[in-house]
Every structure is written in C-alpha cells, then in structure tokens.
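Visitor: Kindly generate the corresponding structure for this input.
(2 chains)
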There are 2 protein chains.
Amino acid sequence: MPPILSPGTTVALIAPSGPVASEKHSLALENLRGLGLQVKEGRHWQGERGFFSGTDEERLEDLNAAIRDPEVRLIVCARGGYGAMRLLDGIDWEAWRLDPKPILGYSDITALHCAGFAKFGIKGWHGAIPAGKWSDFERASLEAALFGEARYDLFASGNRAPSSTLASSNEVARAREGHSVKGTLLGGNLCMVASLCGTAYLPNFEGSILLLEDVGEYPYRIDRFLVQLELAGVFSELKAILVGKFEGCGSAKGDETLPSVEDVLRERLDRLPVPVIRDVDFGHLPEKFTWPFGGEVELVLREIPELWYSRG
Amino acid sequence: MPPILSPGTTVALIAPSGPVASEKHSLALENLRGLGLQVKEGRHWQGERGFFSGTDEERLEDLNAAIRDPEVRLIVCARGGYGAMRLLDGIDWEAWRLDPKPILGYSDITALHCAGFAKFGIKGWHGAIPAGKWSDFERASLEAALFGEARYDLFASGNRAPSSTLASSNEVARAREGHSVKGTLLGGNLCMVASLCGTAYLPNFEGSILLLEDVGEYPYRIDRFLVQLELAGVFSELKAILVGKFEGCGSAKGDETLPSVEDVLRERLDRLPVPVIRDVDFGHLPEKFTWPFGGEVELVLREIPELWYSRG
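Guide: Residues are numbered from 1 along each chain as shown, chains lettered A, B, ... in the order given. Sure thing, here's the model as predicted:
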C-alpha cells in the first residue's frame, strides 16, 4: 500500500467528475486541513461546466498537475458524480507509473481507481469525500487509513460494531465457515466497473475480493451490469464478493411487484462458487468508511465475518 | 443476406426478453399471419415471470427450439424489454452456425443480433415487432425486407419521404459530399451495444456503418455509453454512423440547464473522422422501418443522403 502519511503532508484537491456545490468549497478545505494536511488546490476544482466541474481539458490539467507534482502525496477528489472515465485516455500515465500516488474518492472515482490499478497496479483509497460534513466515524476511518494502523479489521474498525446482517450469506460461505481467503480488494461502484468492460482500464480481477455498490439504478439495470461482468469473465477468478449498499435502487413506480434489487443480487451472486458477504457498510452512505483499494486483505468466514487488512 | 422468404414460410414466435401484454397476444399472431406466414409459437412466449416472459431456461428453450427447427426460416421476437443478454451463454451456437436463420426484433434484441453476428456472422432484421398495431408503413417495410426487393434506398423507401433533417451533419460528411462509403450495417440499441463490451458477443465493427438509438436514458448515461464504446475501440474503424432517435432521453427534472441528449451526441460523435448522419428514422418510434442488420449497404453523402441496400 501507499506509504503512511504524516500530518503536514501535501495533498491535491481536485474535482475530476461533477461540479462541487459552492457552499461546500470551504468545508472541503476545512475537512482536509483539519487532518493537518497541506492542500494544493486544483485550478478548476470549484468550476461548473454542464455535468462536470470543468471541461475535460480543465479537469485533466488538474489531475495531471497533481500526478506530476512530487510534493503531492495523495490526490483527493472533492466528490464523484459523472465524468472521470472521460479523462482516462488523457492521463499522464508515465508520470503516474513513476510516482504511483493514491487517489481518494468513491462512486464515479471508481473509474480512476480501476484504471490506475489496471495500468500499473496503482493503489488508492475508497472512502470519504471532503465536500460534505464528516462524522467522527468518517474522520477516524480516514485517519486510520492515511496515517496508519498496522493491522485492523475493516468490518469492525472505527468503533462501529459490524452489522448483524454481515453474516456470510451464501452456501459457499457457510460451507467454508471458519476458513479464510486472501485477495486484493478491488471494485467499488458497480456501474463504473461495468462501464470499463471492454476497455484497457478494467483490472484483471483474478484473485481479488470484489466490492460492489451502486446508487439510483433500477433493479433491471443492476441485473444488466452484473450480467455484463459475468459475460466479461470478471466473476470467474474471484476469491470473494462483498456486497455493499444499493441506495435508491428500488423499482420504478408501478413496478413494485417486480424483483427488488435484493432479489437481483441474490439471484446473480449467490450461485457463484465464491463466498458472498452481503450488506457490508460500503456505498452511498452518510458515513463512509475508507477502504484500501488494491490492498491485500484476508476475509475470515465466521457468523460475523472479519476482513483483516495489514501493511508493513 | 438471408434468403428471401415467400408467403407460407414458417416462422417462430418467441419472447426472449420482457413479458408480452396479454391483450397483444392475438394481435402478434394476426400480424404475422396477415403476411401469409405460418407461425410456430414458442411454448413460453405468452408467459410472465418478473422482468421476463419466463425463466432464463424457458426463454432459452423457445429460442433454441426455433434455432434447431429446420422448418423455421425466421425467428420473430414478439417484443424487446430486457433479458436477452442473459441467454447468450446458453444459446445452441453450433445449431445456429449450421443454420444461420435471421432474428427479427429491435431494442433489447440488439443483444441477439450482435451476438449472432459476433460469433458467426449471422445476419438479422432490425424492425417491427408483432406485439403492436402495424401501420401500412411498417407492414410494407417488413414485407420488402422479408419477401424481397433487389435494391432499395433505406432512407427513402416505404413511400415515406426522407426527413429534411437527414442532411449530413458533421464536417467530415460535408467535406465528402457526393462520395459514397460502403459497409456492414451493425448496431441498434446503444445501451445494449455498450452492455456487450468486454464480452465474446460484441461484433468487430471494423468497416461497419453503425446505427445507434436509445430510449429512456438520461443524457449523462448516453454519454457514458458512448465513452465506453470509444474506449473499447468501437468507433475507431467505422465507415459511418447513423444516429437514430433517442426517445425519452431528456434531462432529469430540475436539470434542464444541463446538456441535452442532442448536445451529448453532437459532442461525442461529430469529432470522429467518419461521416455522421443524424436524425435517421430509426429507434423507439411508433412506425418502425425494417433494417438489414449485418447487411452490406452503401451510404451516398448528399444533402439528402441515400443508403442503398442490394441483395443478390
């Protein structure tokens, strides 16, 4: 994993996807400075241009400046939205390969996480975004991630008790109760992972533990994403799947008799020959835990599973 | 292209995607019989099971039975919806390769069209679905397709005058005015083409003329599909793009200041180094023209373009 940072470290603040609401600009800066970080602001992160914070060229300018700046040890994305995948072909990949600094973000930022890992095994942080009020839980989780804890249980950390519904939820997991599987933690936003299929920016998922979450997609769209991943071979070499939250993924009005997103997830995932852990506290939640994207983790299959993350 | 049919030919009627409303069952049969066709009904085409007309196994049973039956010379899909891509791994590909009969349908059926062409160059018909009232235009277009006209202008046929907005719409097309380009007509529903990226069922689009349409997707989703196709290399070897209708692809409520679907299509497509013809009468329209999926066509770039289709 990326080196452990210390207070005083310089980070870049950019907005590679959607525009950041102006009332959250100072909050984003305060959040980061409150961690003791020095913030270098991208030139365009406070902009607004259609769906995005700026043109593709403007957002790329900020992203590539952050990648090329040797002082910057972490690239913080102010928020998600849509648009990061439009930047992929314009990233200064050679500079990023030479200085594989992590990106922090989630949702649409899954495109950058996956692309960096697919190209050069670049690891990142999937979690709290600064353009929002942080709870103590979020801040503690981000501090543990950035400033270092040698080894901790991702399911139980942050002083939050794991949800009782975390129990291993498919037959494979129950059959392997007590066993542990190791793998690379990958994935994130399901829609973005599906949207990278067929491109050079989809990681090889062999031997990985896959996190999946989404927001605002009807159940049949979730099904379509999962079928695409299946047909693209993403599920064939996995070690385990961690199913996060699917917020606002209910049926369309009048379609309440149709399968729910829970039905869809159960049907498509539980038949796979790998452990599936459902209802993990991951996704578009008010309080976001910071996950090590690309980190090596160990999943212990118990009634209340454990997910251990260690770094040297 | 597939052999020209004659009245009296046997066709199969199946529903590989969504359920067919019961009040349209007899209409579907009447439409086909009205063309003089003999109809073999799939066992499950009138069913309803969640999003689909039946389980995957039931829908596959009907599709594979139609593929394997030597009497069946055309497979008619009663409607689209969602679900055809779930069947792809279960298709009796060896039987279909040996008897590459065409499928008629559109929208979700793009998954079957693309898959058949990707696997074994199987051609099909993209057009009218029988579970709906046909206008004279639709019926005439389907008759011309199935029963044969040696050579006709796809843009001008069916006694419908081409739309004035058919004028070549990007600089490349205008610069090449008077020239013609030949290619294989592929594509269909944009979402389904994007959803096949990364799978074994996406055709090689080199040298093709790509039709694109969609329905009920917000502009940013249309953008996402197009970016995926671009990153997957679909646009790199095309001969031309025909942009159909994007029905119900307006902005979300409150987002009317954001780019429209027309803005998105213009931005992403007009910069490509191939002719782009916009506003083609193709897509989720009340009156559907029947297009030869996989057919060889010749696009003549004029103020009112022509799209010639010939078969021997």
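Visitor: wait, does whatever helix or strand A:Ala65 lives in contact chain B?
Guide: Assessed by DSSP states H and E, A:Ala65 sits inside helix A:56-68. No - residues of helix A:56-68 are not located near chain B by CB under 8 Å from any CB of the partner chain, the shortest gap being 9.9 Å. Every residue, glycine included, has its C-beta placed from N, CA and C.
Visitor: go on, stretch A:175-190?
Guide: No - Stretch A:175-190 does not reach chain B (CB under 8 Å from any CB); its nearest approach is 11.8 Å.
Visitor: Identify each buried residue in that stretch, please.
Guide: A:176, A:181, A:183-190 (16 or more other CB atoms under 10 Å in any protein chain shown).
Visitor: Chain B contacts on chain A?
Guide: Neighbours of chain B within chain A, by CB under 8 Å from any CB: A:50-51, A:82, A:85-86, A:88-89, A:194-202, A:219-220, A:223-224, A:227-228, A:231-232, A:258-259, A:263.
Visitor: repeat that for 7 Å
Guide: A:50-51, A:82, A:85-86, A:88-89, A:195, A:197-199, A:201-202, A:220, A:224, A:227-228, A:231-232, A:258-259 (CB under 7 Å from any CB of the partner chain).
Visitor: So which residues make contact with the worst-scoring helix or strand of chain A on mean pLDDT?
Guide: One helix or strand of chain A scores below all others by mean pLDDT, DSSP states H and E: strand A:151-153, with a mean of 82. Strand A:151-153 is contacted by residues A:144, A:306-310 when judged by CB atoms under 7 Å, 6 or more residues apart in numbering or on different chains.
Visitor: Derive a PyMOL selection command for the buried subset of those residues.
Guide: Buried members of the contacts of strand A:151-153, defined by 16+ other CB under 10 Å, are picked up in PyMOL with:
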select buried, chain A and resi 144+306+307+308+309
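Visitor: helices and strands around the longest strand belonging to chain A, which ones?
Guide: When chain A is parsed with DSSP state E, its longest strand is strand A:180-189. Helices and strands in packing contact with strand A:180-189 are listed as helix A:110-120, strand A:208-215, strand A:291-293, strand A:296-300; criterion 3 or more CB pairs under 7 Å, 6 or more residues apart in numbering or on different chains; DSSP states H and E.
Visitor: neighbouring strands for the third one, and are they parallel or not?
Guide: Within its sheet, and counting by DSSP bridges, strand A:291-293 is paired with strand A:124-126 (antiparallel).
Visitor: so how far is the strand it pairs with off the chain centroid?
Guide: Offset of strand A:124-126 from its chain centre (CA atoms, centre = their mean, to the nearest Å): 6 Å.
Visitor: Mind jotting down where the helices sit in the stretch 101-250 of chain A?
Guide: For the stretch 101-250 of chain A, the helices defined by DSSP state H, counting those that start in this stretch cover A:110-120, A:136-147, A:171-175, A:190-195, A:219-231.
Visitor: Run the angle between the last one and helix B:219-231 for me.
Guide: Relative orientation of helix A:219-231 versus helix B:219-231 (axes from the mean of the first three to the mean of the last three CA atoms, to 10 degrees): 10 degrees.
Visitor: The second one too?
Guide: Interaxial angle of helix A:136-147 relative to helix B:219-231 (the same axes, to 10 degrees): 20 degrees.
Visitor: if we can go back for a sec, ok, of the contacts of strand A:151-153, which one's closest to chain B?
Guide: A:Leu307 (27.7 Å; CB to the nearest CB).
Visitor: packing partners for the strand or helix carrying that closest one?
Guide: In this structure, A:Leu307 is located in strand A:306-310 according to DSSP H and E. Packing contacts for strand A:306-310, counted by 3+ CB pairs under 7 Å, 6+ apart, involve strand A:151-153, strand A:296-300.
Visitor: Regarding the residue nearest to A:Leu29 when sequence neighbours are not counted, what is its secondary structure?
Guide: Of all residues not flanking A:Leu29 in the chain, A:Val39 sits nearest, at 5.9 Å (CB to CB, 6 or more residues apart in numbering or on different chains). Secondary structure state of A:Val39, per DSSP: H, G, I helix; E, B strand; the rest coil, is strand.
Visitor: A:Val39 against A:Glu30, yeah?
Guide: No - A:Val39 lies out of contact with A:Glu30 (CB atoms under 7 Å); the separation is 9.8 Å.
Visitor: Who has more neighbours out of these two?
Guide: Between A:Val39 and A:Glu30, counting by other CB atoms under 10 Å in any protein chain shown, A:Val39 is the more crowded of the two (18 against 13).
Visitor: count of residues packed around the residue lying closest to A:Gly50 once chain neighbours are set aside?
Guide: Take A:Gly50 and drop its neighbours on the chain: the residue closest to it by CB to CB, 6+ apart is B:Pro259, 4.8 Å away. B:Pro259: 20 surrounding residues under other CB under 10 Å.
Visitor: For stretch A:172-181, measure first residue to last.
Guide: 12 Å (CA to CA, to the nearest Å).
Visitor: Show residues contacting it.
Guide: With contact meaning CB under 7 Å, 6+ apart, stretch A:172-181 is reached by A:168, A:239-240, A:273-277, A:298-302.
Visitor: Can you turn the buried subset of those residues into a selection I can paste into ChimeraX?
Guide: Command for ChimeraX that selects the buried part of the contacts of stretch A:172-181, burial taken from 16+ other CB under 10 Å:
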select /A:168,239,240,274,275,276,277,298,299,300,301
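Visitor: Surely A:Phe147 and A:Leu5 touch.
Guide: Yes - using CB under 7 Å, A:Phe147 is in contact with A:Leu5, at 5.9 Å.
Visitor: before we move on, the earlier item: which of the buried residues of stretch A:175-190 scores worst on pLDDT?
Guide: By pLDDT, A:Arg176 ranks lowest within the buried residues of stretch A:175-190, coming in at 86.
Visitor: What confidence value was assigned to A:Thr165?
Guide: Turning to A:Thr165, the model gives it a pLDDT of 50.
Visitor: Below-threshold pLDDT in the stretch 51-200 of chain A: ranges please.
Guide: Counting by pLDDT under 70, the stretch 51-200 of chain A contains low-confidence ranges at A:157-168.
Visitor: Buried only: go through the residues of chain A next to chain B for me.
Guide: So, by 16+ other CB under 10 Å, the buried ones in those are A:50-51, A:82, A:85-86, A:88-89, A:195, A:197-199, A:201-202, A:220, A:224, A:227-228, A:231-232, A:258-259.
Visitor: quick check: domain ranges of chain A?
Guide: Domains of chain A are assigned by automatic domain parsing as A:10-146, A:151-310.
Visitor: what about the longest one, how long is it end to end?
Guide: I take that to be domain A:151-310. 4 Å.
Visitor: ok, now stretch A:197-212?
Guide: Stretch A:197-212: ends 15 Å apart by CA to CA.
Visitor: Report the distance from it to the chain centre.
Guide: 13 Å.
Visitor: which residues are contacting that stretch?
Guide: Identification of contacts with stretch A:197-212 by CB under 7 Å, 6+ apart yields A:88, A:114-115, A:117-118, A:183-188, A:190, A:196, A:228, A:232, A:234, A:237-244, A:282, A:291, A:297, A:299, B:197-198, B:202, B:228, B:231-232.
Visitor: ok so, going back, distance to B:Pro100 for the domains of chain A - can I get that in a markdown table?
Guide: Listed next are the domains of chain A as a markdown table, based on distance: least, CB to CB, whole Å:
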| stretch | distance to B:Pro100 |
| --- | --- |
| domain A:10-146 | 36 |
| domain A:151-310 | 21 |
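Visitor: among the helices of the stretch 101-250 of chain A, which is the most enclosed?
Guide: Ranked by mean neighbour count, those are led by helix A:190-195 with a mean of 28 (mean count of other CB atoms under 10 Å in any protein chain shown).
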